[in-house]
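Student: Structure, please.
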Amino acid sequence: MAWNIALLICCLAGVVWSNPIDVEDCSRRQDFNNAMDCCAYPTFRFEEFKKPCGKYMPFGAPRISPCLFECIFNATNTIVNGVSDPDNVRLMLQKLIGNNHDFLEAYFNGIMSCSSTVQEMMNNRRPRPQSKVERCSPTAVFYGVCAQKYVFNHCPPSSWTGNESCEMLRWKNMNCPSSKTSRGSGHRLL
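Tutor: Sure, this is the predicted structure:
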């Protein structure tokens, strides 16, 4: 659950009205206070990856890190030659989410629609200072960020709160230019 919350807070931007007729300026700051309650996300089962990726899960609780995401993606061959493999994406998500069909499809569609967004994020990332600490590629975590935004925007109706604040957050995330650049939701569902 912490993974979902961290990515949601990290990724959402701005608040405007959900009705396009009443839209306010996209530069208006977003109220994050209610964002976590908008979509009832499933709990990810990171323990499924304890054996290959346990060193990135100190004390049993996964730490959100590029290395953990990269390890999970590598363990499942999710990205092959820079391209998302649909069968492996689905297998990875089944391990992480279980049989929650609505969310499995939402995350699957999110990951499968994120390649151009991830490429843009990779091109726009800031160089990191050299260090002696293990460095992992941010590609997998960028897929995670993009997919999380996609799921927020396409949260299954049975899990969506639907209050005015949530509708405003989702509308802005899907329609304001600064929100579109890394959210992966401008793509149609597959």
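Student: how about W160, phi and psi?
Tutor: Torsion angles at W160 (phi, psi; degrees, to the nearest 10) stand at phi -90, psi 130.
Student: Repeat that for V83.
Tutor: Taking degrees, to the nearest 10 as the convention, V83 sits at phi -120, psi 140.
Student: Grab the nearest non-local neighbour of it.
Tutor: S115 (7.2 Å; C-beta to C-beta, 6 or more residues apart in numbering). All C-beta atoms are positioned from the backbone trio N, CA, C, and that covers glycine.
Student: repeat for Y150
Tutor: G110 (3.1 Å).
Student: Give me the neighbour count for the one you found.
Tutor: 29 (other C-beta atoms under 10 Å).
Student: So it sits against Q148, correct?
Tutor: Yes - between G110 and Q148 a contact is recorded at 7.5 Å, counting by C-beta atoms under 8 Å.
Student: which sections of this structure are below the confidence cut-off?
Tutor: 1-25, 27-34, 60-63, 128-134, 177-190 (pLDDT under 70).
Student: Show the subsequent helix or strand relative to the longest helix anywhere in the chain.
Tutor: Across the chain, the longest stretch assigned as helix under DSSP state H is helix 139-153. Per DSSP states H and E, helix 139-153 leads on to helix 164-175 as the next helix or strand towards the C-terminus.
Student: Would you mark the buried spots in that following helix?
Tutor: Residues of helix 164-175 classed as buried: S165, C166, E167, M168, L169, R170, W171, K172, N173, M174, N175 (neighbour count, 16 or more other C-beta atoms under 10 Å).
Student: possible to save these as JSON lines with distance to N124?
Tutor: Shown next, in JSON lines, are the buried residues of helix 164-175 (distance: C-beta to C-beta, whole Å):
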{"residue": "S165", "distance to N124": "29"}
{"residue": "C166", "distance to N124": "28"}
{"residue": "E167", "distance to N124": "29"}
{"residue": "M168", "distance to N124": "27"}
{"residue": "L169", "distance to N124": "23"}
{"residue": "R170", "distance to N124": "24"}
{"residue": "W171", "distance to N124": "24"}
{"residue": "K172", "distance to N124": "21"}
{"residue": "N173", "distance to N124": "18"}
{"residue": "M174", "distance to N124": "20"}
{"residue": "N175", "distance to N124": "21"}
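Student: Do a quick rundown of the strands in the protein.
Tutor: Here the chain has its strands, by DSSP state E, at 79-80, 83-84.
Student: Could you look over the ones you listed and pick the most buried one?
Tutor: strand 79-80 (a mean of 15; mean count of other C-beta atoms under 10 Å).
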